[in-house]
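Q: Let's see this in three dimensions:
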Amino acid sequence: MDRIYNPVHNDTVTFRTTANESDGAKTVIEIELPPGGRDAEHYHDAFTEHVEVLEGALTIGIDGATRTLRRGNRTSVGRDVPHFFENRTDEPVRFRVEMRPGHRGFEHMLRILYGLARDGAVNDEGRPTKLTHSAALTDLGGTTRTATPTLVRWGMQLLAQLPPVQKTQADLKARYVPDTDA
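A: Purely as a prediction, here's the structure:
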């Protein structure tokens with residue numbers, strides 16, 4: 001069991017099943033989100049998420065509709081559907097997210113982002129402070145923030161194809177992604 005911690009968001013992700021372990025069928029993570037914790041609204045273009053609350057209460061917004069899930073409640077988020085997670089309570093929430101199909105790039109993106117956060121290389125929102133780091137992660141995770149303007153997203157996708165940015169991506173993987181998952 002592999003756990004990573006993000007000191008900026010104060011949350012923990014535990015990898016339960018990786019894409020490698022499931023021959024690409026799924027990625028399963030468990031997230032511990034502190035009171036007030038949240039992620040920015042985003043969508044995934046490569047997988048569907050299946051969410052189950054294990055402890056506490058999780059507020060989830062899916063395509064403009066917000067609801068609260070409690071222990072044992074489940075929901076799914078399809079590809080390209082905007083969504084966010086938030087803990088609006090005074091207690092931590094723990095929930096499982098199963099991605100189908102599995103996505104090594106998403107797993108790598110999480111490891112890199114949490115590593116950059118531990119190293120102080122992200123801003124208060126948890127985004128990389130270096131443009132080359134942001135560009136290197138653009139296509140890796142199959143994840144896009146809905147607040148990112150289309151032209152900026154396209155520009156980052158173009159930058160991501162440049163050899164120096166591809167080298168940055170390789171360097172970030174070498175630093176933050178375990179050899180067993182590379």
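Q: Identify the neighbouring strands of the helix or strand containing Val28 in the sheet and state each direction.
A: Secondary structure assigned from DSSP states H and E places Val28 in strand 27-33. Within its sheet, and counting by DSSP bridges, strand 27-33 is paired with strand 11-17 (antiparallel), strand 93-100 (antiparallel).
Q: Out of these, flag the one nearest Arg127.
A: Each of those was checked against Arg127 via C-beta to C-beta, and the shortest separation belongs to strand 11-17, namely 15.2 Å. C-betas here are computed from N, CA, C, even on glycine.
Q: What lies in contact with that closest one?
A: The set of residues that contact strand 11-17 without belonging to it, under C-beta atoms under 8 Å, 6 or more residues apart in numbering, is 1-6, 26-34, 37, 96, 102, 107, 110, 114.
Q: if we can go back for a sec, could you check how far the strand holding Val28 is from the centre of its chain?
A: 10 Å (C-alpha atoms, centre = their mean, to the nearest Å).
Q: about what we covered before: ok, which of the strands paired with strand 27-33 comes nearest Gly155?
A: Proximity to Gly155, assessed across the strands paired with strand 27-33 by C-beta to C-beta, is greatest for strand 93-100 (26.9 Å).
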